[in-house]
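Q: Show me how the following folds:
(one chain, ligands or ions: 1)
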Amino acid sequence: MASQKFFSIVLYAFVFAAFATTALSSLSPNYYDYSCPKALSTIKSVVAAAVQKEYRMGASLLRLHFHDCFVNGCDGSILLDPSPTIDSEKNALPNFQSARGFEVVDAIKEAVDEACGKPVVSCADILAVAARDSVVALGGPTWEVKLGRRDSTTASREAANANIPAPFFSLSELIDNFKSHGLNEKDLVILSGGHTIGNARCATFRDHIYNDSNISPHFAKELKHICPRKGGDLNLAPLDRTAAKFDSAYFGDLVHKKGVLHSDQELFNGGSTDSLVKSYSHNTKAFHKDFAKSMIKMGNIKPLIGNRGEIRLNCRKVN
Ligand code: HEM
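A: Residues are numbered from 1 along each chain as shown. Predicted structure coming up:
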């Protein structure tokens, strides 16, 4: 009898420990329900105000989450400023003079910490939720963001240079890059649809408009007005014809050889991804649904969980 009781206590303890470990070792949409029930609504209202003031801020926040997740997982490493111990990712090629939105992240962190009464929400989670809320604010789909990511205590400029895809990549380089992050060819096409909002600097598409042949000559001429052969590196062009709207115009533009970046047009250049681009070009509903799915997948890349990392007090610095 006594041994039976002992056995059931051990069994209960085992089951409890298993549950507790699962809760601590995976992300969950309810992560802040008890510790900060106002977290999600607070993030949403700061993002909505920022996007209302400047639509492009939504694009910049979406891009920050992408650049965060592609460097050692979604751990807020992109937000760390340079310091004697931090080789900031902000100085990596894809981010320098290009990544923006850091002040909005600071404002969100401040508002959330105040709403919670304590710093419990990580900067990595703030980025994931702000990316979703930005897409929603610009007319895109919504999705449930799993939460509980913790913040890194390190950053790596070298890793950012090595892991974030470049605009001069070929289709096979893009596919290989996404594969290295656990994302497939379909995710590549769908997530590139993030370029339905926002802008690109002349320096990132000059080669494409002057030297590539897979571009509409009329469109290239238009862009040459914005982007001269020499100078004007920071001049901006919209990434699709409706850069403030999260629609499927980006894919239609690719079908008409009006991709702004070389890497965009690679997705519709006679290769394996052509049919997918074509189908999204006339099916916004499918694009929205699939974008939500791929964003969840991207947001779950190698999070820091359990007792790894920390909850930063200031998103720009380690504690
Ligand atoms: C497939 C490989 C990708 C490449 C090579 C690429 C490259 C670029 C480049 C060069 C720019 C212009 C940056 C500048 O001139 O400052 C840009 C902008 C942008 N990218 Fe990507 N990107 C890729 C995928 C993605 C993904 C997966 C997302 C999000 C899901 C994304 C979201 C954005 C957004 C929203 C902007 C506009 C940012 C703004 O207006 O501030 N990109 N991208």
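Q: okay, now residue 66: neighbour count?
A: 20 (other Cβ atoms under 10 Å). (Each C-beta comes from the backbone N, C-alpha and C, glycine too.)
Q: now residue 290
A: Neighbour tally, residue 290, other Cβ under 10 Å: 20.
Q: tell me the contacts of it?
A: Applying Cβ atoms under 8 Å, 6 or more residues apart in numbering to residue 290 gives the contacts 186, 190, 280.
Q: Looking at the residues you listed, which is nearest residue 35?
A: residue 190 (32.7 Å; Cβ to Cβ).
Q: Any part of the helix or strand containing the closest one near the ligand?
A: Per DSSP states H and E, residue 190 falls inside helix 185-192. Yes. Using Cβ under 6 Å from any ligand atom, helix 185-192 reaches the ligand at 191-192.
Q: mean confidence for that helix?
A: Averaged over helix 185-192, pLDDT sits at 98.
Q: strands paired with whichever helix or strand comes after it, and their directions?
A: Downstream of helix 185-192, the next assigned helix or strand under DSSP H and E is strand 199-201. The pairing partners recorded for strand 199-201 under DSSP bridges are strand 236-238 (antiparallel).
Q: Return the mean pLDDT over the partner strand, rounded to an integer.
A: pLDDT averaged over strand 236-238 gives 98.
Q: can you check stretch 294-304 too?
A: Across stretch 294-304, the per-residue pLDDT values average to 98.
Q: what's the answer for stretch 118-131, then?
A: Mean predicted lDDT for stretch 118-131 stands at 98.
Q: hmm, it in reach of the ligand?
A: No. Judged by Cβ under 6 Å from any ligand atom, stretch 118-131 stays clear of the ligand, getting no closer than 7.7 Å.
Q: Output that stretch in PDB with nothing but the alpha carbons.
A: C-alpha atoms of stretch 118-131 as PDB (Å, rounded to 0.1, in the frame of the first residue of the first chain):
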ATOM      1  CA  LYS A 118       7.900  46.100 -13.900                       C
ATOM      2  CA  PRO A 119      10.200  45.100 -16.800                       C
ATOM      3  CA  VAL A 120       8.900  41.600 -17.700                       C
ATOM      4  CA  VAL A 121       8.400  41.900 -21.500                       C
ATOM      5  CA  SER A 122      11.500  41.200 -23.600                       C
ATOM      6  CA  CYS A 123      12.700  43.400 -26.400                       C
ATOM      7  CA  ALA A 124      12.700  40.400 -28.700                       C
ATOM      8  CA  ASP A 125       9.000  39.800 -28.000                       C
ATOM      9  CA  ILE A 126       8.300  43.600 -28.500                       C
ATOM     10  CA  LEU A 127       9.900  43.300 -32.000                       C
ATOM     11  CA  ALA A 128       7.800  40.300 -32.900                       C
ATOM     12  CA  VAL A 129       4.500  41.900 -31.800                       C
ATOM     13  CA  ALA A 130       5.400  45.300 -33.300                       C
ATOM     14  CA  ALA A 131       6.100  43.600 -36.600                       C
END
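Q: Could you tell me how far that stretch lies from the centre of the chain?
A: 13 Å (Cα atoms, centre = their mean, to the nearest Å).
Q: Could you do stretch 92-99 as well?
A: On Cα atoms, centre = their mean, the centre of stretch 92-99 falls 15 Å from the chain's centre.
Q: tell me which residues in it are buried?
A: Buried residues in stretch 92-99, counted by 16 or more other Cβ atoms under 10 Å: 92, 94-95, 98-99.
Q: near the ligand too, which of those?
A: Near the ligand, by the rule Cβ under 6 Å from any ligand atom, you find residue 98 out of the buried residues of stretch 92-99.
Q: Could you dump the buried residues of stretch 92-99 into CSV and include secondary structure?
A: Formatted as CSV, the buried residues of stretch 92-99 follow (DSSP: H, G, I helix; E, B strand; the rest coil):
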residue, secondary structure
92, coil
94, coil
95, coil
98, coil
99, coil
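Q: Please identify which two of the buried residues of stretch 92-99 are farthest apart in space.
A: Most distant of the buried residues of stretch 92-99, by Cβ to Cβ, are 92 and 98, 9.7 Å apart.
Q: Next, the contact list for the residue most central in space within the chain, please.
A: Geometric centre of the chain, nearest residue: residue 66, 2.4 Å, by Cα atoms, centre = their mean. Going by Cβ under 8 Å, 6+ apart, residue 66 touches 131, 191, 194, 298.
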